[in-house]
Each structure stands twice: as structure tokens, then as C-alpha cells.
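Q: need a structure here:
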Amino acid sequence: MLQRGFHFSPLDALMSLHTQPPTVLTLGDDALLTVIMAHGRNRAAEDMARVARRLDVPARYLLLSADDKTWYPAGFMADFDSNEPALSAAITHIETVVTDAIAAGTPAERLVVGGFSQGACLIAEWLARRPRRIGGALFFTGGLIGPEGTTWPDRPALSGMPAYLVSAENDAWVPASRVRETKAWMERSGIDLRYTMFEQRDHEISDPEIDAARGLLDEIAAKS
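A: Now for the predicted structure:
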């Protein structure tokens, strides 16, 4: 097994990549939640805006934008070095947006992070490297980052955090085996996990996934 070793890039590289401010989309007059969303490879903030509108949950959505529409250049199961410095810069960007949202007045228990595909992998890796208890997380077809054999330390700081993890056995971009590894890590860390593995579906966010995610967001808002 490859022991988990976090890679950190030079400060100048971290400061120069993935610095675009989030696009803000507010839905509803009684928005209790702030939802940070990261798009997939070769996608854009506009794609996550469409997801937000499908969710139709009153919230302030912070839609992130990667440089050149890509958070890191190689596959999420490639060697770490092949994705640096972009990966570390992307994780730093997530941390900055989360910290800024809380500093601006969003209670941590009302903050949700989520992503699709490469964005979901990025969010999972951010939680593994920078664990903090927030309102919840949504992982639409993603998993923890690292080559085969990587291990991830359990994160008890995440205990009790609600999350939704979903993918498909036939997904061409995110192997189901890595999704199951991610599920196991989340459960060991005490995350309150909702999990769906479809047998077959396209690489997309389907209507049943939207329904499940909406239900989780409603639960989080009701606790606020």
C-alpha cells in the first residue's frame, strides 16, 4: 500500500493558479445555506449554475471556476506529481472560499460543499487534507485522489457530517472501486453518509441524484 503523503507546492505557484472569485447565484428569498460547487473537467461555473437551478433549494451558491476549465491536468488516479502544482492550488482555493464564506457570516453548519466528477474528486481530497466540520457535502461521481494503493488517514473531525456520494458501476472516468474506497474512508471517519451506486448511467447528474441531494440540503437547512 502507498502511504498517504500530502504534496505541497511552492507558495508562488499556489498564489498564481485558480484565483478567480466564485460566481454568486442566489435562489430564493429565504436562503439559509451557502453551497460551494466545483465543476468537472472542461466544464465551467455555468454548468454548476444549471445544477443549482435543478436542485431548486433556497441558497447562496458560490460557483467555482478553474483555470482553463480544469482543476488539475492528469487523471485523479495519476501520480501526485503529475497533477502539481495545480492540485495543491485548487485545494488552497477551496479552503480560501470556505474560510471567506464563514468569515462573511455563514455559520459552518449552514455551509455545504459539492462537485461533479473532477470537482467531486477535488472536494473529497480537500476534506481529506483540510478536514473541518461543516454542514454537509455532495459528491456527484467522484472519489479521493491518488494512484492505486494510496491510503488516506481517517478524519474524526468530520464525524457526523451529512454527505451524499453517488456514482455508477459503468462510469468510464471514475472507477467504482475508487468510489467504494472513498465510501469506506468516509464511514471510518464517521461521516453520516447517503450512498448510491447505479449499475448503469451516463457520466452526468441524473434526476434521482438531484432528488437525493435536494433532500439532504433540505435536511441541513431544517437543522439550521
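
Q: the helices in the protein, which residues?
A: 11-16, 45-55, 86-103, 118-129, 176-188, 207-223 (DSSP state H).

Q: So what touches the fifth one?
A: This means helix 176-188. With contacts defined as CB atoms under 8 Å, 6 or more residues apart in numbering, helix 176-188 is touched by 77, 124, 128, 139, 141-144, 152, 154, 158, 163, 165, 167-169, 193, 195, 197. C-beta coordinates here come from the backbone N, C-alpha and C atoms, glycine included.

Q: Swap in 7 Å and give it another go.
A: Helix 176-188 is contacted by residues 77, 124, 143-144, 152, 154, 163, 165, 167, 169, 193, 195, 197 when judged by CB atoms under 7 Å, 6 or more residues apart in numbering.

Q: circling back to that earlier point, pick the most buried one from the helices of the chain.
A: Comparing those by mean neighbour count (mean count of other CB atoms under 10 Å), helix 118-129 comes out on top with a mean of 27.

Q: What helices and strands are in contact with that helix?
A: If contacts are counted by 3 or more CB pairs under 7 Å, 6 or more residues apart in numbering; DSSP states H and E, helix 118-129 sits against strand 33-38, helix 86-103, strand 111-116, strand 136-140.

Q: what pairs with the first one, and is each one parallel or antiparallel?
A: When you say that, I think you mean strand 33-38. According to DSSP bridges, strand 33-38 has the following sheet partners: strand 59-63 (parallel), strand 111-116 (parallel).

Q: orientation of that strand relative to helix 86-103 in degrees?
A: Interaxial angle of strand 33-38 relative to helix 86-103 (axes from the mean of the first three to the mean of the last three CA atoms, to 10 degrees): 170 degrees.

Q: How about the residue nearest the centre of the chain, nearest residue that isn't a chain neighbour?
A: In the chain, the centroid-proximal residue (CA atoms, centre = their mean) is I123; its distance is 2.7 Å. In space, and not counting its chain neighbours, I123 is closest to G115: 4.4 Å by CB to CB, 6 or more residues apart in numbering.

Q: Is the residue nearest to I134 when sequence neighbours are not counted bridged to anything, and to what?
A: Using CB to CB, 6+ apart and skipping the chain neighbours, the partner closest in space to I134 is L111 (4.6 Å). Note on L111: beta-bridge partners T34, judged by DSSP bridges.
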